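> what's the 3D shape of this:
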Amino acid sequence: QVQLVESGGGLVQAGESLRLSCAASGESFSTYGAGWFRQAPGKEREFVAGINWSGTSTDYADSVKGRFTISRDNAKNTVYLQMNSLKPEDTAVYSCTTSSGPRVYWGQGTQVTVSS
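Residues are numbered from 1 along each chain as shown. Okay, here's the model as predicted:
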């Protein structure tokens, strides 16, 4: 079992930055890939960013490339999402996820609201 807890969300103005954290506990999180997804009201959940277990490989949705950076600190069992140049369309609930074989784990999510 893996438990994921996100933090760092909030209300910011367009152009500002936030850093989200996803703290993991339980099984060997440091050996799993991880990612961030988001869901805006009335929309489907969408992929934002992903990172492999060692942090040497990352992937981003086109909509956030160049603005968001995913990273991890395996010593702290934590994955981060640095979000810069935020836009109103980035407003959503952001959730982190990881998987171990067929088991997929999700956090409860953290709200990010960007005002124009």
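
> neighbours of Thr98, how many?
Per other C-beta atoms under 10 Å, the neighbour tally for Thr98 reads 24. Any C-beta I mention is one placed from the backbone N, CA and C, and that applies to glycine too.

> and the helix or strand hosting it, what other elements does it pack with?
Here Thr98, judged by DSSP states H and E, is contained in strand 92-100. Packing contacts for strand 92-100, counted by 3 or more C-beta pairs under 8 Å, 6 or more residues apart in numbering; DSSP states H and E, involve strand 2-7, strand 18-26, strand 34-39, strand 78-83, strand 103-106, strand 110-115.

> quick one: stretch 24-42 to chain centroid distance?
Taking the mean of its C-alpha atoms, stretch 24-42 sits 7 Å from the chain's own mean (C-alpha atoms, centre = their mean, to the nearest Å).

> beta partners of Ser7?
Ser21 (DSSP bridges).

> isn't it up against Ala23?
Yes: Ser7 lies in contact with Ala23 (C-beta atoms under 8 Å); the separation is 7.3 Å.

> more neighbours, those two?
Between Ser7 and Ala23, counted using other C-beta under 10 Å, Ala23 has the larger neighbour count: 16 against 13.

> ok, now which ones touch that one?
Counting by C-beta atoms under 8 Å, 6 or more residues apart in numbering, Ala23 makes contact with 4-5, 7, 76-78.
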